[in-house]
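**Student:** what would the 3D arrangement of this be:
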Amino acid sequence: MSEEIKSDFGHVNEAGQLIVEGKENFDISLAQDFYTALKEALPHCQSVQFDFSEVQRIDTSILQLLTAFVQDAQTNNIPIEWKDPSEVFSNNAETLGLTDALALG
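**Tutor:** Numbers count the residues shown, from 1 in each chain. Just a heads-up that it's a prediction; the model follows:
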């Protein structure tokens, strides 16, 4: 890949790794742009790393989009990695029963 693909939520680097950066306040107002960024990046990535270490608030809508994206990535045999997810993010995912679906385990 000759150039990086970038969005407000992360980028696909030259090695084909999609690095997704969670926002501190990840609410529903970001859902559409987040979905679009993930959807556009998926065909260009070989692996995905989520950095949600700064997330202090996350809406269920974002968790639902993440779950769908992780399932799409897994269907396409794209490895998922979580880099130090915040306690708030992890607790919300666990409360909603999404730990396995998000490949957080």
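**Student:** elements contacting the helix or strand harbouring A93?
**Tutor:** Using DSSP states H and E, A93 falls within helix 87-95. Helix 87-95 sits against strand 57-58, helix 60-75, with contacts defined as 3 or more Cβ pairs under 8 Å, 6 or more residues apart in numbering; DSSP states H and E. In this view, the C-beta of every residue, glycine as well, is placed from N, C-alpha and C.
**Student:** show me what K6 is bridged to.
**Tutor:** In this entry, K6 is beta-bridged to H11, by DSSP bridges.
**Student:** what sits up against stretch 51-62?
**Tutor:** 10, 19-28, 30-31, 34, 82-86, 88-89, 92, 96 (Cβ atoms under 8 Å, 6 or more residues apart in numbering).
**Student:** rewinding a little: what comes into contact with the helix holding A93?
**Tutor:** Residues contacting helix 87-95 (Cβ under 8 Å, 6+ apart): G22, F52, V55, Q56, R57, I58, T60, L63, P85, T99, L102, L104.
**Student:** can you say which of those are buried?
**Tutor:** Buried subset of these (neighbour count, 16 or more other Cβ atoms under 10 Å): G22, F52, V55, I58, L63, P85, L102, L104.
**Student:** thinking again about what came up before, tell me the one of the contacts of helix 87-95 nearest V70?
**Tutor:** When the contacts of helix 87-95 are ranked by distance to V70 (Cβ to Cβ), L102 comes first, at 5.4 Å.
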